[in-house]
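S.K.: Let's see this in three dimensions:
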Amino acid sequence: MASQVMAFSTTRHGGAGKGSYAGFNLNPYCGDDPTAVSANRAALSQELRLPAERIVLPHQVHGDRCLAITGNLFCLSEQGQMAALDGYDALMTQLRSTCVGVSTADCIPVLLYDPSHDAVAAVHAGWRGTVQRIVVKTLQAMGRAYGTRAADVRAVIGPGISLPNFEVGQEVYDRFAEARFDMSRIAKRYAKWHINLPLCNQLQLEDCGVKPDNIQASGICTFDRVDDYFSARRLGTASGRIYTGIILR
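M.R.: Got it, this is the predicted structure:
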């Protein structure tokens, strides 16, 4: 993305998790053994050379709210921090040596970097968040808070479910159509409707003014690569989550 930032997604390899949480799950909200989650966080902390408390992830609710992470967060107790991070699906910050990230297991993680104002964001865009245009709202929040302009932003669309594997019911298709997305571009009819979530988020970024050349899509389908990445559609919701994070160095 740039030499001033580090962006990454975790895999299932390594780690202390068992069964559908094997092996490297950082999410404490999906039913995993807390001891395993803590061990995995400590391992990532060592790999990133950051204190474990500087690896931040929210308690996501498939909404469209973005939280600005400031130094005030780290003055709170552990319980206070968890309360402060409850109910958000995107994080943004200008703090250095702080990793902001989101958890996914088929949903689409999007990372944003504004090199002009040294600001970053991590976005969790499941289908509900995508319909609510959470990436657009995060860009707008960065604009208000940091002066970010979309034309300067660099974006990464991380591992998530692909169009061939994201089959949806008519009610989900209708939600996208009612939100005035170009269904001819993002949907395809097989036996049922399928929606291209990565492309839908990419088009939203472009519509906001992010340059296509500044958008990097991983092209990794979590459903197809369940041995490498967590997939809720393959493993069930009682399973681990990928952590996709970004750090200002």
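S.K.: can you pull out the helices in this structure?
M.R.: Under the criterion DSSP state H, the chain contains helices at 34-48, 78-84, 127-131, 134-146, 170-178, 183-186, 197-208, 232-235.
S.K.: Quick one: closest of those to Q94.
M.R.: Q94 lies closest, by Cβ to Cβ, to one member of the helices of the chain: helix 134-146, at 6.2 Å. The C-beta positions use only the backbone N, C-alpha and C, and glycine is treated the same way.
S.K.: So what angle separates the directions of the closest one and helix 197-208?
M.R.: For helix 134-146 against helix 197-208, the angle by axes from the mean of the first three to the mean of the last three Cα atoms, to 10 degrees is 40 degrees.
S.K.: Low-confidence stretches in the chain?
M.R.: Applying pLDDT under 70 to the chain flags residues 1-2.
S.K.: Try it again at 50.
M.R.: Applying pLDDT under 50 to the chain flags no residue at all.
S.K.: does S20 really touch A238, like I thought?
M.R.: Yes. Counting by Cβ atoms under 8 Å, S20 touches A238, with 6.2 Å between them.
S.K.: Spatially, which residue comes closest to the residue of the chain positioned farthest from its centre, not counting chain neighbours?
M.R.: The centre of the chain is farthest from one residue, A191, which by Cα atoms, centre = their mean lies 29.2 Å away. Distances taken as Cβ to Cβ, 6 or more residues apart in numbering place E167 nearest to A191, at 7.9 Å, with adjacent residues excluded.
S.K.: which stretches of the protein form strands?
M.R.: Ranges of strands in the chain, per DSSP state E, are 5-9, 55-56, 66-69, 90-93, 99-104, 108-114, 119-125, 154-157, 167-168, 187-189, 193-195, 215-217, 242-248.
S.K.: who does the second one pair up with?
M.R.: In other words, strand 55-56. Counting by DSSP bridges, the strands paired with strand 55-56 are strand 99-104 (parallel).
S.K.: what's the burial count for K137?
M.R.: Per other Cβ atoms under 10 Å, the neighbour tally for K137 reads 19.
S.K.: try the one 5 residues further on
M.R.: Burial of M142, expressed as a neighbour count using other Cβ under 10 Å, amounts to 26.
S.K.: which ones are touching the nearest residue to it once chain neighbours are set aside?
M.R.: Counting by Cβ to Cβ, 6+ apart, T148 is the residue found nearest to M142 once chain neighbours are left out, at 3.8 Å. Neighbouring residues of T148 by Cβ atoms under 8 Å, 6 or more residues apart in numbering: D114, S116, H117, A119, L139, M142.
S.K.: so V56 makes contact with L76?
M.R.: No. If you go by Cβ under 8 Å, V56 and L76 don't touch, sitting 11.8 Å apart.
S.K.: one step back: mind checking how far the residue nearest to A191 is from Y21?
M.R.: The gap separating E167 from Y21 is 25 Å, by Cβ to Cβ, to the nearest Å.
S.K.: Next up, the contacts around D152.
M.R.: The contact partners of D152, by Cβ under 8 Å, 6+ apart, come to D114, P115, S116, H117.
S.K.: wait, doesn't the second one sit right on Q4?
M.R.: Yes. Applying Cβ under 8 Å, one finds P115 in contact with Q4, separated by 6.9 Å.
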